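Everything below, folded, please.
(2 chains)
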Amino acid sequence: MNEKEKSLFTSMTFDTALSLHIDEPVTAMSISPSGRDVVLGSRLGLYIVDLDDPFSLPRWLPHQTSWEVADVQWSPHASKYTWVISTSNQKAMVWNLSLPEGRQIEHILHSHTRAITDINFHPSDPEVLATCGVDSWVNYWDMRAPMRPAGSFCDWRAGATQVKWNRANPNVLASSHDNYVHIWDNRHGAKPLKTITAHSTKIYGLDFDRLSEGNLITCSLDRTFKVWDYTTTEASTEPLQPTMSVTADYPIWRARHTPFGRGCLVLPQRGGSNTLTLTDLCKEPKQGNIENFAVKKFSGHTDHVLEFLWRARGRSEDIDDREYQLITWSKDHNLRLWPMKPEDLAAVHHIPNRPYKRKNTRRGTPYVSFRDPQNQDLVEKKIYGRTMTRYSLGRNRIHGQTSHLNWLAGVRLGKAALSEGNPMIDTFQEPTLFSSQEIVPENLGEEISLVGHKFPNVRFEKIHVSTGYIVVSLYGPWGRKDPEIVFLRLEIQFPPGYPASGKIPEFSIERSSEISPQMIRETEKNIQHVAQMYMATEHYCLEGTLRYLLGDLRIADIERILNRPKIISEEEIDHLELTETKDSYESQRGHSKMMNPYAVRDRSTSDTSSSKSSSFSSDSELDEGDRDATLEEGQPPTVAQPLLNYNVPVPKACGALWSNDGGLVCFLPSKSQGKTLGLANFKKGKFKRKFQGLNALGRRNWSKDKTGTTDNSQSDIGNDNPAKPSTYQPISSQTDNAEDQGMSDAASDDSEYLEDEDPGSNIDLYNDMRFQNYKLKQSTVSSRSETLNTHDDSTAQHLRDRRLIGGSKKNYVCIVDFSDLTKLDKRLAAEYHILDSDANAVIAHNEAVARKYGYSSLGDIWHLTGLIQASGETPDIKGRMLWGEHPFGTILVDEILGYFDRQRDIQMLGMLACIFCEPAPTRNYTSDPAPAPEWYSEHSRREHSVASWENALYDSDNSGQKQFEKKQNSWTSFESERNGSSTSPNERGISSHRSTFLNRHTEEANARNSGTQVTIQTARNGECHGSSLASVPLLNPIYARHHSYYRSQYAEILYLWGLQVHRAEVLHFNSLVSLISPGYTNFTKNTEPQATDEHQGTVTQMLCSNAYYPGPRCDYCGLIVRGMFSACLVCQHVQHAHCASSWWKAGNRSCPSGCGCDCMDGR
Amino acid sequence: MATYTNLHEDMVHDAVLDYYGKRLATCSSDRTIKIFAVDGNNHRLEETLRGHDGPVWQVAWAHPRFGTILASAGYDGKVLIWRDDNGRWSLISEYTSHQASVNSVQWAPHELGALLLCASSDGNVSIVEFKDDGSIDSSMVVAHPTGCNTATWDPSAGMVRGTGSQPIRRFSTGGCDNTIKIWSFNEEQDRYVEEAVLKGHTDWVRDIAWSASVFPKSYIASASQDKTVLIWTQEGDGEWVQRPLQQEKFSEALWRVSWSLSGNILAVSGGDNKVTLWKESIQGTWETCATIDS
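As a prediction, the model looks like this:
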């Protein structure tokens, strides 16, 4: 539309109610003479709102002050239509809006010594205005000489609250002080023409009549407003009687003549339900309560109304054909426009189309808005943008665009503007997430606002709601390299009348190097298509198209969403019928398919109670948990900051997690609610469901049952014939027979009834029902009939259950044991042997255990391992696995381990890694001065070392006896003691008692018999249990890391199972293996011998090998060196002093460590 | 098999057994978390925890060495830490740095300390460390700007402790940009750095499971809204190789994947409200071995 053609008659807001939410501390308001702009004064500056384009952000003219703006006045004169005056404490600022941004304050009127309380433009002289202040002065100013007041009056006693020019007599003005009014004449000097002691308490408001010179209205804290005619008496001292006195129930803040007829609009200071009352001044008698005079009330604000004014439009020069609109500003931060009907005007004796009695000073004002900074578009926009953004960032903290989006949310047109409060504003201000009702946009502005808040990552670069032009930028998967996320900017031109007109908005994507032109064309076509789909079903299309662009929805999804409501349309109608009384204008919202899914789901409980099951709203029948939840629901949520919950995935309604002990914890919805995601259609009757728009399937949908079930359908279930199963209709994804599904489903539902009554007794029954896949269908059906019988018995029960089904969502959690699949069996673990005196026995035992629990294949494996055991030769070393020289031994072990590795049978891997873990020989430690023992040379073709401790010399025991002791159920160790250098296994004695083995520090060997002593020496020097009996390591050393890993993981599992001893046994091997690959040691046993009880005697103190270094060891006896010692300075080997002496005395020349050093030569 | 019904007033979103399998924590859209003592078919409600202002998406038990500690994350963007002190549950900590729904929460392998990993729809992943002295240290990683749906620790951090080397803080995230990212802590830069980006899904990644067991080969399973599950394997420090669990798509979007303790069975669940169990055959293909249906 051409700017010139615009007038109040083309304004979209004049004939309609409008509500604007302005979240600023605005305290004063005025209107431009053209009636297009409203100026709002706040401590932060002035805001100019273009009433013709309420969707645009107001212009902000910053003027920070710590004082409330007591008054702001826009010049009512067409010749000075750019002037706005606002107060700032004792100064008044004259803004000239035609001046460049930042220099718009044309004059500062400074004469008052205390705060200015009121400003009044002269009704006929555009250059003159009056101010009054708390300092009791009344000044009038001529703008042609603004340096000082053109004239002043003073009351000396009380501060002035209001000053008004007489509208008929240009020389007369009135000011109110305390409870009296002075009438001044600027030709009369300092003395008031007349003083009216009008009220008993402070006067708040003053207003001259437009027509008769002497008439004025005063209103006061004393809850009255009075009409006076000061011309009736000549003498200034003579007491004046009011011509009219009206009492209200509240202190009156403002009472002013209406610009039409003989009315007075009364504004309460507080109380009065924040309602403005239009009163008839012609009504007789002239005294009484305001209710007798009221002809119309304007209610809707939720807090004190601070100011009101009139917006008028008329065509004729001579005839008063003006129409009016009331504008109010309230502390609830809403600016409201109230249309006035002709009958309202007539009620106060307005007779239209009579000649003007007085010149209308506003006439001829150019119809322009100062919201758009003029002439200096570029410069000013920059400043404007910067300041506004900074400001909004400070307050909103989220996005610069939020302020505009919030603003849009605050714009309510039409009937919605009349309602109390604004759900959108409430939502955005208190992001309670769940508390708000479903929000449905009513116009493009609201749609943008809603969508903008939903997608904070979508930037709205330009929003011109009135022209329907917006520019958004976002990131979407439209890059050249699919699915690369790229930046794209989209221009949207909404057609006039959107969305009702059915015209599709035009979309155009900005060309960019990141997107191929072809992709742009294609995408544009696709969004057009998406928009068309939405428009065809009378949906707002912005959210859908943006979701599509974000890669959130595909066209197929959208099709499904949009088709959804048709499927359940019957149910929707039902729903509407039930809720039709709820909200009359709800149904008028023609295109209200968009919704906030979370708002919906949250309210579903209350929806349910309000719409369907209000008869069950009594909580008395709820069980404890239910009641708790209800209470919870009622509490106001306390979320401090707004959440950006726009990309939250669909909730997981079902899932399965493995627990540590091999059980699978599953949680599943019951069938009745589980199928909301598009798997099944529900026949009408049983399940009531409300799918709406995107909510039906979108990302963020919520598969929540909207409602309970109706009475009929419930009793249908209750008396359902088992042979008629299909209240539920599965579709193709159900592989099972439909009948069975239906039946078991019904069964589950029914079982619920009892379930709740007595969970304990029904659990087993219930278990059976659930797992059809566990071949329990037979029992399902039978148990179901039992359930039904029981159920039919009780009607009361039936009612209660219905409530339960309606209100609570069924779900269940089950823990399934899958140990057969996971290859982990605790029973096996508990009974397996890892270490025993006889390898044959171990293997045979394990085989037996495996077979006992039905693992025949595992049994076979155990059997196989038995085959490669050293055959023929009876190992007389207990506790050692003596693996034979089977030619395929190593290969077999590799194969077996490889097999189990692929199977991921960690239990077998762990076991085998232990069983086959014959500690490999250390290579670099050949300290034995003696010739290799014969058993050693027999078996070994490799160079071995014999652990040094075998050389240990026990002072008290030279018997040559070998002792191997086994500790039951635990690792075994053995010690060998020998005399001299050469022994053979045959010579070794085996101690028969079960007590433990090693008594390294024994002062007397007898101690062995006395108790269990467990000690494993840290293998610092490569020392280990037992000499290397194994010839060839069966475990491939290449995979040593893996083997160690198998063991530690198996140990971890054993720990979970509480099998501490087994765990220790398994871990023990890892510490042995550390001999091979240093650094793999986990925990080793304390080096200090530790006495433990024989019967418990399994646990030794675990210490990290790194934690404790006990000291150097003697290279002769292998024991830790304490006290006197001898050291070679060359090779740095040490010996006990007595060991050294016996070594050297024996005539040896080289180092006892075998390093080859000629230590004696160095001495 | 033990089954418990109607534990909550609304949809259950997670159910987790504690370390010893004695207690079950469930969370739901009814904004509560419930703790049950479970023993076979019997279950006893021990406590109902209230504190979230929205649906609670996930709960996670901390390793018992830290005490009986439960972390919960919900739609309200909060992560709450609860502790059981001799039967009395109390809220001991609240982490509210996320600006949107927190979709997953997981404790690190205990060797790394009390480290919590949270993935939020605001696109960030936060790593919250609860130190011994009671202080809380958190760092945030912008993982998937369009929204992060899941984050999972590499469980092998715990398993390599025996090597004597420092455990590695390593985790994977999945988000609305259809990718999976692997992150690890870089000591020099003192921050988490992106190690790998795994592209393969065509829709939002909903859940990731990192197999704990197979040492020579790392396995990651990822479930996506695109109705597929991908198995990613890595040998040593090599490239991640992707393979679909099955060639054809599932019937509905998939929500959850979980490896059994031994790593040989994968449980997959999704929008069709079924749980399917998968195992790898000797030939290296995956086959179903069980189905649990509602």
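
neighbours around residue 7, how many?
Here I'm looking at chain A. Residues near residue A:7, counting by other C-beta atoms under 10 Å in any protein chain shown, number 15. Every residue, glycine included, has its C-beta placed from N, CA and C.

nope, chain B please
By other C-beta under 10 Å, neighbour count at residue B:7 equals 22.

what's the domain layout of chain A?
A:439-563, A:825-872+A:882-917+A:1032-1074, A:1082-1162 (the TED database).

and the one helix or strand residue B:57 maps to, does that touch chain A?
Following DSSP states H and E, one finds residue B:57 within strand B:56-61. Yes: Strand B:56-61 reaches chain A (C-beta under 8 Å from any C-beta of the partner chain) through residue B:57.

now whichever helix or strand comes after that strand against strand B:56-61, angle please.
The element immediately downstream of strand B:56-61 (helix or strand, assigned by DSSP H and E) is strand B:68-74. Inter-element angle recorded for strand B:68-74 and strand B:56-61: 160 degrees (by axes from the mean of the first three to the mean of the last three C-alpha atoms, to 10 degrees).

Next, the buried residues of strand B:68-74.
For strand B:68-74, a neighbour-count test (16 or more other C-beta atoms under 10 Å in any protein chain shown) marks B:68-74 as buried.

Run me through the strand neighbours of the very next helix or strand once past it, direction for each.
For strand B:68-74, the succeeding helix or strand toward the C-terminus, using DSSP H and E, is strand B:79-85. Counting by DSSP bridges, the strands paired with strand B:79-85 are strand B:68-74 (antiparallel), strand B:88-95 (antiparallel).

ok, and what's touching strand B:79-85?
B:33, B:35, B:47, B:49, B:51-52, B:67-74, B:89-96, B:98, B:102, B:105, B:116, B:118, B:128, B:130 (C-beta atoms under 8 Å, 6 or more residues apart in numbering or on different chains).

quick revisit: JSON lines please, covering the strands paired with strand B:79-85 and showing mean pLDDT and distance to residue A:493.
Output for those, formatted as JSON lines (pLDDT from 0 to 100; distance: least, C-beta to C-beta, whole Å):
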{"stretch": "strand B:68-74", "mean pLDDT": "92", "distance to residue A:493": "41"}
{"stretch": "strand B:88-95", "mean pLDDT": "89", "distance to residue A:493": "45"}
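
Tell me the first helix or strand C-terminal of the helix or strand hosting residue A:404.
Counting by DSSP H and E, the element that carries residue A:404 is helix A:401-409. Following helix A:401-409 in sequence order, the next helix or strand is strand A:412-413 (DSSP H and E).

picking that back up, just the buried ones out of the contacts of strand B:79-85, please.
B:33, B:35, B:47, B:49, B:51-52, B:68-74, B:89, B:93, B:95, B:98, B:102, B:105, B:116, B:118, B:128, B:130.

For the closest residue to chain B within the stretch 901-1050 of chain A, give me phi and psi.
Nearest residue of the stretch 901-1050 of chain A to chain B (C-beta to the nearest C-beta) works out as residue A:904 at 3.3 Å. Backbone geometry at residue A:904, expressed as degrees, to the nearest 10, gives phi 50, psi 40.

distance of it from residue B:279?
8 Å (C-beta to C-beta, to the nearest Å).

between those two, what contacts are shared?
With C-beta under 8 Å, 6+ apart, residue A:904 and residue B:279 have common neighbours residue B:264.

Buried ones in stretch A:1043-1062, by neighbour count?
Buried, per 16+ other C-beta under 10 Å, within stretch A:1043-1062: A:1043-1057, A:1059, A:1062.

Quick check: closest non-adjacent residue to residue A:534.
Once flanking residues are discounted, residue A:534 sits nearest to residue A:541: 3.6 Å by C-beta to C-beta, 6 or more residues apart in numbering or on different chains.

doesn't residue A:547 make contact with the one you found?
No: with contact defined as C-beta atoms under 8 Å, residue A:541 does not count as touching residue A:547 (10.4 Å).

So between these two, which is more surrounded?
The residue with more neighbours, out of residue A:541 and residue A:547, is residue A:541; 29 against 26, by other C-beta under 10 Å.

Contact partners for the more buried one?
Neighbours of residue A:541 in contact, by C-beta under 8 Å, 6+ apart: A:499, A:504-505, A:530-531, A:534-535.

Contacts (any at all) between chain A and stretch B:109-121?
Yes: against chain A, stretch B:109-121 shows contacts by C-beta under 8 Å from any C-beta at residue B:121.

Can you measure across that stretch, start residue to end residue?
24 Å (C-alpha to C-alpha, to the nearest Å).

Could you do stretch A:186-193 as well?
With C-alpha to C-alpha as the measure, stretch A:186-193 spans 10 Å from end to end.

what's the answer for stretch A:190-210, then?
Stretch A:190-210 end-to-end distance (C-alpha to C-alpha) = 26 Å.

What is the burial count for residue A:514?
Residue A:514, neighbours per other C-beta under 10 Å, totals 14.

Local confidence estimate at the nearest residue to it once chain neighbours are set aside?
Among residues not flanking residue A:514 along the chain, residue A:486 sits closest, at 4.1 Å (C-beta to C-beta, 6+ apart). Here the pLDDT value assigned to residue A:486 is 80.

again with residue A:217
In this prediction residue A:217 is given a pLDDT of 92.

In terms of packing, which of residue A:904 and residue B:279 has more residues around it?
The neighbour count for residue A:904 versus residue B:279, taken as other C-beta under 10 Å, is higher for residue A:904 (23 against 18).

Quick check: closest non-adjacent residue to that one.
residue B:264 (3.3 Å).

can you tell me which residues contact that neighbour?
With contact taken as C-beta under 8 Å, 6+ apart, residue B:264 is in contact with A:821-823, A:903-906, B:213, B:279-280.

Include pLDDT, distance to residue B:273 and secondary structure when you put these into JSON lines, please.
What follows is the contacts of residue B:264, written out as JSON lines (pLDDT from 0 to 100; distance: C-beta to C-beta, whole Å; DSSP: H, G, I helix; E, B strand; the rest coil):
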{"residue": "A:821", "pLDDT": "73", "distance to residue B:273": "21", "secondary structure": "helix"}
{"residue": "A:822", "pLDDT": "72", "distance to residue B:273": "23", "secondary structure": "helix"}
{"residue": "A:823", "pLDDT": "73", "distance to residue B:273": "27", "secondary structure": "coil"}
{"residue": "A:903", "pLDDT": "74", "distance to residue B:273": "30", "secondary structure": "helix"}
{"residue": "A:904", "pLDDT": "74", "distance to residue B:273": "28", "secondary structure": "coil"}
{"residue": "A:905", "pLDDT": "78", "distance to residue B:273": "31", "secondary structure": "coil"}
{"residue": "A:906", "pLDDT": "80", "distance to residue B:273": "30", "secondary structure": "helix"}
{"residue": "B:213", "pLDDT": "61", "distance to residue B:273": "28", "secondary structure": "coil"}
{"residue": "B:279", "pLDDT": "84", "distance to residue B:273": "22", "secondary structure": "strand"}
{"residue": "B:280", "pLDDT": "81", "distance to residue B:273": "25", "secondary structure": "strand"}
